[in-house]
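1. sequence? don't have it. structure:
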């Protein structure tokens, strides 16, 4: 069966997904019996297209690459232009809405409304947008369940590295008592460069030049990005209805080369760690720089790479290391959600 | 629905599974709607029990702990004693045969015959026994498929660390081009102690005292155990019908403290690496000590811990680190297969 998709947003992640579907269509069909058509794209800046039989991906990607807009996509019978996001969600014949618009980590909007509209019109939601999951997970998961629909968001934590699906599927049966991780690549890159004796400000500037950090780096360096991901892990993996207001959060902007040298002298290394722990019915959670001993697998994760350790009562500690961002990696995160929806699997 | 199990073998892994089912029955039922009864246990040394309504786990475990045999398990109407493994597989009312007898890595027997008998009598197979998967994967997987049954063996590689299910489920859609890993805990423990300047022979003796290495350590130190696991990964994860005869295999028994010091001077570390690579339609595979740079996540995996890196074309490199053995960990490996069979998931 062909899986019809409506993309809300067509930036890096949406284009990354479209490229994968363009380039790997035969592989996905032959190896996994998975076939998907993008029937709609609606982007606040680029414009909007809908065709009930599907859009032609090579043309779509080429038009956006050349013009930054969807306007030049060729006319054809049945093609609809100009639908806004909510109309696209409600009126298109997609089975699944792929919500890859921008993240507003304070309000979660308009993505939360997109999710509500999708579920109310009988469509699954797949997203890499952290806002709705960090701010409204309980409500949206309940709504999806009530309607018999799927709500998937592998890409919200560690992009295509299966930080969410791994514990839900391959560690099921465990009581996961603690999760701790390096959840932000920008700060891990900066800390790695500080190990190489670059001052914090210099390392940050380098991260900005490489595109790891934004012009305003606050969300990364003060730990707010990691905090959003920690809240998602608490709610989804550990069944703890944590909100971000309940988590003590400290970033890395106060760390100096002297701090780094002191850690090194003690056989340790600074990492920005998000940590949730259940103990005797009590939950503690924090985002803060921690000095980890070098024998901890997380201490050896360098550069922009992310990692998580899950402490299961049966499995023991399991550590997962991989990319935390990237066009293809996050496009893949959307794909793996779609494949598992098609399989009827978690 | 209650999942009825017949255990062939009741050593460490079988008892580990029974302990988990005894201790976590309520958690598994309430959280995952998973309920399993052990209806039969057949062990060449300990004896054999079958009751169509299920055996009482606390009693079963206590009897074996006290006497090493099943003989003192109390009489009850309908209880059957003395069935051998094949009779148990064919005649019991189990839905799934849990094959946790001893591994013969040269012949795979009698476990291969146990699998055939199970599939022919309409029963799924779950196992931690490497032999049948390393030696007869294609035949057994085809037979299971033909009969519409499941053949699961998460525990054959890295015990309960999801080395097999992670790539099949959470990395599906990727072309996995290379797999490389530390697949044997004993040799990684020895190499770690050699980093601490213990001679090979001393480190091996220590590993034997700790129960990591057998009295005859050949299978571990010459790489044959890692080789069996590499063959499983090639067949199952990479769709490469590799046999163990096709893989160059070298162990660690020739390494000296001088080799270790030379690696350290070059910023590297010796690890026994199993590696399979697909490139331009050609497959290369080896088990051999390799000097890894310290920035490789595998270089930092110390002690008896295992790890694998999967190179996916979409996900990028993903590394999984966790236990490679253990009573509860391998018992969990069996459980996670059973949970996913009950879920109808891979």
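-> Right, received. Where do you want to start? Here the structure is a predicted model, which is why all the values come from computation and not from measurement.

2. burial count for the nearest residue to residue A:300 once chain neighbours are set aside?
-> Beyond its immediate neighbours in the sequence, the residue positioned closest to residue A:300 (C-beta to C-beta, 6 or more residues apart in numbering or on different chains) is residue B:300, lying 3.9 Å away. Using the backbone N, CA and C atoms, a C-beta is placed for each residue, glycine as well. If you count neighbours by other C-beta atoms under 10 Å in any protein chain shown, residue B:300 ends up with 21.

3. I'd guessed residue B:300 sits against residue A:297; true?
-> Yes. Residue B:300 lies in contact with residue A:297 (C-beta atoms under 8 Å); the separation is 6.7 Å.

4. pLDDT wise, what is the residue nearest to residue A:300 at?
-> pLDDT for residue B:300: 95.

5. separation between it and residue B:271?
-> From residue B:300 across to residue B:271, the span is 10 Å (C-beta to C-beta, to the nearest Å).

6. Would you map out the domains in chain A?
-> What automatic domain parsing lists as the domains of chain A is A:2-161+A:327-343, A:165-322.

7. So which of the ones you listed is nearest residue B:245?
-> domain A:2-161+A:327-343 (27.4 Å; C-beta to C-beta).

8. ends of the closest one, how far apart?
-> Using C-alpha to C-alpha, to the nearest Å, the end-to-end distance of domain A:2-161+A:327-343 comes out at 12 Å.

9. Quick one: mean pLDDT over that domain.
-> Computed over domain A:2-161+A:327-343, the average pLDDT equals 97.

10. ditto for stretch A:199-214
-> Mean predicted confidence for stretch A:199-214 is 95.

11. is any part of that stretch close to chain B?
-> No. Using C-beta under 8 Å from any C-beta of the partner chain, stretch A:199-214 never reaches chain B; the gap is at least 15.3 Å.

12. How far off centre is that stretch?
-> Averaged C-alpha coordinates place stretch A:199-214 at 22 Å from its chain's average position (C-alpha atoms, centre = their mean, to the nearest Å).

13. got the contact list for that stretch?
-> Residues outside stretch A:199-214 that contact it (C-beta atoms under 8 Å, 6 or more residues apart in numbering or on different chains) are A:185-186, A:189-191, A:193-194, A:198, A:215, A:217, A:220-221, A:252-253, A:255-257, A:304.

14. how about the host helix or strand of residue A:208: buried residues?
-> Element membership for residue A:208, per DSSP states H and E: helix A:200-209. The neighbour-count check on helix A:200-209 (16 or more other C-beta atoms under 10 Å in any protein chain shown) flags A:200, A:203-204, A:207 as buried.

15. now, among those, which is nearest to chain B?
-> Among those, residue A:203 lies closest to chain B (C-beta to the nearest C-beta), at 17.3 Å.

16. How about that closest one: what's its closest non-neighbour residue?
-> Leaving aside its chain neighbours, residue A:203 sits nearest to residue A:193 (3.7 Å; criterion: C-beta to C-beta, 6+ apart).

17. quick one: what helix or strand has the one you found in it?
-> helix A:185-195.

18. In a helix, residue A:235, correct?
-> Yes. Under DSSP: H, G, I helix; E, B strand; the rest coil, residue A:235 falls within a helix.

19. so, in contact with chain B or not, the helix or strand hosting residue A:288?
-> Per DSSP H and E: residue A:288 is located in strand A:282-293. No. On the criterion C-beta under 8 Å from any C-beta, strand A:282-293 is out of touch with chain B, staying 11.3 Å away.
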